[in-house]
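Undergrad: Need a 3D model of the following:
(2 chains)
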Amino acid sequence: MKNLEIAKILNTIADILELQEVQFKPQAYRKAALAIESLAEDIEAVSARGELQEIPGIGEHIAAKIEEYIQTGKVKYYHDLKKEVNIDIEHLLEIPSLGPKKIKVLHQKLGVRNLADLERAIQRHKLLTIPGFGEETEKNLLKGIELVRSRPKRFLHAQVLPLVNSILATFKKYPFVETIEIAGSFRRGKETVGDLDFLVISNHPEKVTTAFTTMPDVKEILAQGPTRSSVLLHNGLQIDLRVLQKKEWGSALLYFIGSKEHNVELRKLALSKGYTLSEYGLFRLKNKQWVAGRTEQEIYHKLGIKQYIQPELRENNGEIKAAQNRKLPYLMTVKDVKGVFHNHSTWSDGTASLLDMATKAEELGFKFVSFNDHYGPVGITNPLNEKRLIQYRKEIDKVQKKVGLKVFSGVEIDILKDGTLPLSKAILKQLDVVVASIHVALKMSETEMTKRVCSVLEQYPVNILGHPTDRLLNVREPLPLNLDQVFETARQHRVFMEINASPSRCDLAGEQVKAALQAGCQFALSTDAHAVNGLEHYPLGVLMARRGWLENQKVLNCWELPKIEKALQK
DNA sequence: GCCGTTTTCGGCCCGACTGTTTTCAGTCG
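TA: The predicted structure follows:
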């Protein structure tokens, strides 16, 4: 998959063109980059079919550059541009309050090319010699350099969830708060968030702002206006808050939930229909008369979008067109989930007993739970072996008698380097649920890795491919895998693709789920819980499923128990 | 550079906050 590499190149081209004050081209490159980032399939496959220009935002010239990269690994135009400007624009742009215009001036007047140059110039107070740059600017840039160097990575969705719930609960209790909602990428169900965005309806903005900026964990107030303020917490998380009137609630929700790309499309659509759309409402273009804005539905409706678009779908990935044609999926919900697969206990590397885990699952209202302790050569996981597997299954039978939900027994078995499993097909067939995953030997070529996974799916009675890309958020990149090939093999051999709801995995991600869906796959939702609390993360998997346009009939966990048991037989 | 049920040429999303200005440019979301 070269999607992300190509998107990055196009983005940097946009940055450089912006620096050169080229008109409109930067937007074009950025739009193309975003289109590729959110593409549901491998761009090489699209290119091979000769369909690059069918992707909205990609025309003749950008398509040629993409093909050049796929064939030669380079884009000459990009290298020439970088050589021409000779500025480390990627890192400089990461500094808050520093954009292309200032970078250009700093380069022209002081010869600044990178972070170190900038730091030196600030320390020598050279910036004060440039018109438009003052002491505050110097201070802010210096802070920005530190921030870039020590910036925390993106926060995990599950990591900020308790804080979100606590802020919502606290503000709901204030008499001067009528309504509060969370927006932003968190609301769209993204697995990581850069910051948090809250929206509030209130007739006392000053009281809301004060309550917000004096919250316990606030380290610094970044901005404080009458309607919009922004704080930085001690852990590095930024939170923005916007105070609104009722009349603008719907338009503000749209604006703040985003995505930005979804909003840009909506605003263009509005213009084409003689309206203008902002966070304050939908207005007639001619006389600026207010048309809609109280609810999101009202605005979608006025724009000719017949269905409400759920936040998880708002990535400008075909959802607007689908909604115009009443073709949106009926997304699965948390309530559809009847149980979860792939959980661990003290029999391998989990911290809770089988009984404690099963009891917790029952408390959560599940109709079933599946235990899949490790089986394979990874010593640190205290894996099962053939002898312990027999005892393990007996123990699960005992637990089954003590709880009121179905308990499946199975293993999470390591996919070995040579594309085999360390247990015979005959024994695997006796188990209720076989999850096969990769844990070791992660450095292989894409071809080898793909062959390794596919050969296991073809040869063994595997039910679920566990955490298919093996990525760890903020820690490890996805495995080099030809996912299209994996999806196709999984479809042919009735292997369910796992949606792993473990907070640091979220694997598959939404876009990949969508690609697998298009390839004809079905899905299994797993918690991969190693402790009792781990079972509570299943809604995170539902978010990934919803971001992947999944309806409940595509997800094994939503079926009736007899149907699940039948589907697991191999 | 891309795109088209107002256009194949002439458009390209919108507004708040900050810092530096005496009315606005740059940045950000």
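Undergrad: Contact residues of the stretch 101-250 of chain A facing DNA strand B?
TA: A:101-103, A:131-138, A:140, A:195, A:197, A:222-229, A:238, A:240 (CB under 7 Å from any atom of the strand). (Each C-beta comes from the backbone N, C-alpha and C, glycine too.)
Undergrad: Restricted to buried residues, select those residues in PyMOL.
TA: Under the burial definition 16 or more other CB atoms under 10 Å, those of these that qualify are selected in PyMOL by:
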select buried, chain A and resi 102+103+133+137+138+140+195+197+227+229+238+240
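Undergrad: Can you flag which of the residues of the stretch 101-250 of chain A next to DNA strand B belong to strands?
TA: Among those, the members falling in strands (DSSP state E) are A:Asp195, A:Asp197, A:Leu222, A:Ala223, A:Gln224, A:Arg228, A:Ser229, A:Gln238, A:Asp240.
Undergrad: Could you dump those into CSV with pLDDT and distance to A:Phe496 added?
TA: Shown next, in CSV, are these (pLDDT from 0 to 100; distance: CB to CB, whole Å):
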residue, pLDDT, distance to A:Phe496
A:Asp195, 91, 35
A:Asp197, 94, 35
A:Leu222, 88, 45
A:Ala223, 87, 47
A:Gln224, 86, 50
A:Arg228, 87, 45
A:Ser229, 89, 46
A:Gln238, 90, 38
A:Asp240, 93, 39
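Undergrad: and of those residues, the nearest to A:Leu405?
TA: Within those, the smallest distance to A:Leu405 is 38.3 Å, found for A:Asp197 (CB to CB).
Undergrad: need the contact list for the closest one.
TA: Contacts for A:Asp197 (CB atoms under 8 Å, 6 or more residues apart in numbering) come out as A:Ile182, A:Ala183, A:Gly184, A:Phe186, A:Arg187, A:Ile239, A:Asp240, A:Leu241, A:Arg242, A:Phe256.
Undergrad: quick one, strands of the stretch 151-300 of chain A?
TA: Applying DSSP state E, counting those that start in this stretch to the stretch 151-300 of chain A gives strands spanning A:155-156, A:179-182, A:192-193, A:195-201, A:218-224, A:228-233, A:238-244, A:275-278, A:281-284, A:290-292.
Undergrad: about what we covered before: tabulate the contacts of A:Asp197 (JSON lines), appending distance to A:Glu37.
TA: JSON lines is the format used below for the contacts of A:Asp197 (distance: CB to CB, whole Å):
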{"residue": "A:Ile182", "distance to A:Glu37": "24"}
{"residue": "A:Ala183", "distance to A:Glu37": "21"}
{"residue": "A:Gly184", "distance to A:Glu37": "18"}
{"residue": "A:Phe186", "distance to A:Glu37": "19"}
{"residue": "A:Arg187", "distance to A:Glu37": "19"}
{"residue": "A:Ile239", "distance to A:Glu37": "25"}
{"residue": "A:Asp240", "distance to A:Glu37": "23"}
{"residue": "A:Leu241", "distance to A:Glu37": "28"}
{"residue": "A:Arg242", "distance to A:Glu37": "26"}
{"residue": "A:Phe256", "distance to A:Glu37": "21"}
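Undergrad: Pull out the buried members of those.
TA: Buried members of the contacts of A:Asp197, counted by 16+ other CB under 10 Å: A:Ile182, A:Ala183, A:Gly184, A:Phe186, A:Arg187, A:Ile239, A:Asp240, A:Leu241, A:Arg242, A:Phe256.
Undergrad: Could you find the closest non-adjacent residue to the fourth one?
TA: Read it as A:Phe186. Excluding the flanking residues, the one nearest A:Phe186 by CB to CB, 6 or more residues apart in numbering is A:Val193, at 4.9 Å.
Undergrad: List the beta-bridge partners for that neighbour.
TA: Taking DSSP bridges as the rule, A:Val193 bridges to A:Phe155.
Undergrad: Check it and give its pLDDT.
TA: At A:Val193, the model reports a pLDDT of 92.
Undergrad: Return the distance of it relative to A:Leu81.
TA: Distance, A:Val193 to A:Leu81, by CB to CB, to the nearest Å: 32 Å.
Undergrad: contacting residues for the residue in the stretch 451-570 of chain A positioned nearest to DNA strand B?
TA: Distance from DNA strand B to each residue of the stretch 451-570 of chain A (CB to the nearest atom of the strand) is smallest for A:Asn474, at 18.8 Å. Residues near A:Asn474 by CB under 8 Å, 6+ apart: A:Lys153, A:Arg154, A:Leu156, A:Thr192, A:Ser504.
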